[in-house]
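Asker: got a predicted structure here, sequence first:
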Amino acid sequence: MFGFHQTFALRGGNEDWLGKGIRKLTSTEPDTGPVFFQNPERAAEILGIGVNKIKSLKEWLRFTGLTEVKKKTGKAYHYLTPLGSLIARYDEDLEEIGTLWVLHYQLCSNADGATTWYWFWNEFVSTEFTREDMLQGLLAYTRGTRHEDISANTLKDDISALLATYAYQESVDSIPVFGDLRLLQETRKGVFRKQPGKRVPPLILAYVIADERLQRFPNGLDMSLSMLLRDPGGPGKLMQLEQTMMIELLDGLKSKYEGKLLGVTRTAGLDNVFFHAPIAPLAILTAYYWEEVEDKSLNEILTLFDSDSSICHV
């Protein structure tokens with residue numbers, strides 16, 4: 001889908017769109033909760049933003065994996081997903097770097113929903129480029145597909161929204177929503193560069209790998225390292241991680257969590273990442289919040305990876 005954002009980039013900082021959306025969907029005040037988006041005019045009045053921004057926020061919440069829509073008697077009700085509920089419980093204000101990484105992963109692995117974002121992080125191979133380079137690449141990507149008739153102006157709007165969501169400048173104090181990930185820098189006026197992600201929490205890498213495993217190999221416990229590094233939707237692409245850094249993070253996970261979470265096998269140059277049990281991605285994300293927000297002990301965290309844990313298995 002192109003143009004889902006109504007030309008409005010995702011807003012953070014004092015505006016905190018996603019945090020405000022989470023709070024309204026979990027509120028019990030009149031005209032909030034699951035019915036919040038049914039009346040855009042009323043929702044705009046409650047949040048103090050325009051109606052088109054409300055429509056944009058609704059889609060940003062959905063494509064970052066925080067909400068889902070259920071239809072009842074012809075009306076749309078918006079609920080937090082299990083992921084959204086977990087984030088609302090531990091990091092409602094989206095202050096943790098791990099939360100930003102998870103939302104980035106959800107957004108940019110969604111080929112059908114946030115198509116431009118998926119294309120940029122998974123298919124666009126240039127590391128230094130201009131807006132025009134992006135436009136030509138995106139036009140080439142849509143050519144011969146069901147998206148072929150999308151106008152260049154719509155694609156330009158997507159490009160502007162994407163850059164406004166990620167691209168930071170060293171000399172500018174204001175940071176985009178995903179700017180702290182340091183994945184995309186405006187090196188000089190109109191020139192942008194992709195770069196390896198900074199501050200990747202090891203447990204968030206494990207969450208992404210577990211989610212990829214669940215989606216692609218629900219009956220398996222392992223994935224090849226080369227697949228994780230190179231395949232669309234994986235951490236190599238979305239976190240811009242090179243092999244050395246990924247192995248370092250994986251070895252750290254194995255050591256810190258006493259081998260109870262995952263391991264790496266190295267045989268004849270074919271490295272595989274494997275889980276010791278079918279651990280649910282949300283159990284790993286819970287472990288991250290227990291560690292970073294709740295300050296729980298290692299022994300408490302390890303219980304999440306036990307084979308008899310109630311939230312361990314899918």
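Answerer: Yep, that arrived.
Asker: buried stuff in the helix or strand encompassing Ser85?
Answerer: Using DSSP states H and E, Ser85 sits in helix 82-90. Within helix 82-90, the residues that count as buried by 16 or more other C-beta atoms under 10 Å are 83-88, 90. (Glycine included, C-beta is placed from N, CA and C.)
Asker: could you pull out the strands for this structure?
Answerer: Here the chain has its strands, by DSSP state E, at 67-72, 75-80, 128-129, 184-188, 191-194, 222-224, 262-267, 270-275.
Asker: can you put those strands in a markdown table and add mean pLDDT, distance to Tyr118 and mean neighbour count?
Answerer: Formatted as a markdown table, these follow (pLDDT from 0 to 100; distance: least, C-beta to C-beta, whole Å; neighbours: other C-beta atoms under 10 Å):
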| stretch | mean pLDDT | distance to Tyr118 | mean neighbour count |
| --- | --- | --- | --- |
| strand 67-72 | 94 | 19 | 13 |
| strand 75-80 | 94 | 23 | 16 |
| strand 128-129 | 97 | 17 | 15 |
| strand 184-188 | 93 | 15 | 16 |
| strand 191-194 | 96 | 15 | 16 |
| strand 222-224 | 91 | 20 | 16 |
| strand 262-267 | 86 | 26 | 14 |
| strand 270-275 | 89 | 23 | 17 |
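Asker: quick one: which of those strands is nearest Leu302?
Answerer: With C-beta to C-beta as the measure, strand 262-267 is the member of these nearest Leu302 (13.0 Å).
Asker: could you name the helices and strands sitting against that closest one?
Answerer: helix 243-256, strand 270-275 (3 or more C-beta pairs under 8 Å, 6 or more residues apart in numbering; DSSP states H and E).
Asker: a markdown table for those, including distance to Leu203?
Answerer: Compiled in a markdown table, the helices and strands packed on strand 262-267 are given as follows (distance: least, C-beta to C-beta, whole Å):
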| stretch | distance to Leu203 |
| --- | --- |
| helix 243-256 | 7 |
| strand 270-275 | 13 |
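Asker: so which of the ones you listed is nearest Leu94?
Answerer: helix 243-256 (22.5 Å).
Asker: mind saving the C-alpha coords of the closest one as CSV?
Answerer: Output of helix 243-256 as CSV, limited to C-alpha atoms (Å, rounded to 0.1, in the frame of the first residue of the first chain):
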residue,chain,number,x,y,z
GLN,A,243,28.1,-10.8,9.7
THR,A,244,30.7,-10.0,12.3
MET,A,245,28.3,-7.8,14.3
MET,A,246,25.5,-10.4,14.2
ILE,A,247,27.8,-13.2,15.3
GLU,A,248,29.1,-11.0,18.1
LEU,A,249,25.5,-10.3,19.3
LEU,A,250,24.5,-14.0,19.0
ASP,A,251,27.5,-15.2,20.9
GLY,A,252,26.7,-12.7,23.6
LEU,A,253,23.2,-14.0,23.8
LYS,A,254,24.4,-17.6,24.2
SER,A,255,26.8,-16.7,26.9
LYS,A,256,24.6,-14.3,29.0
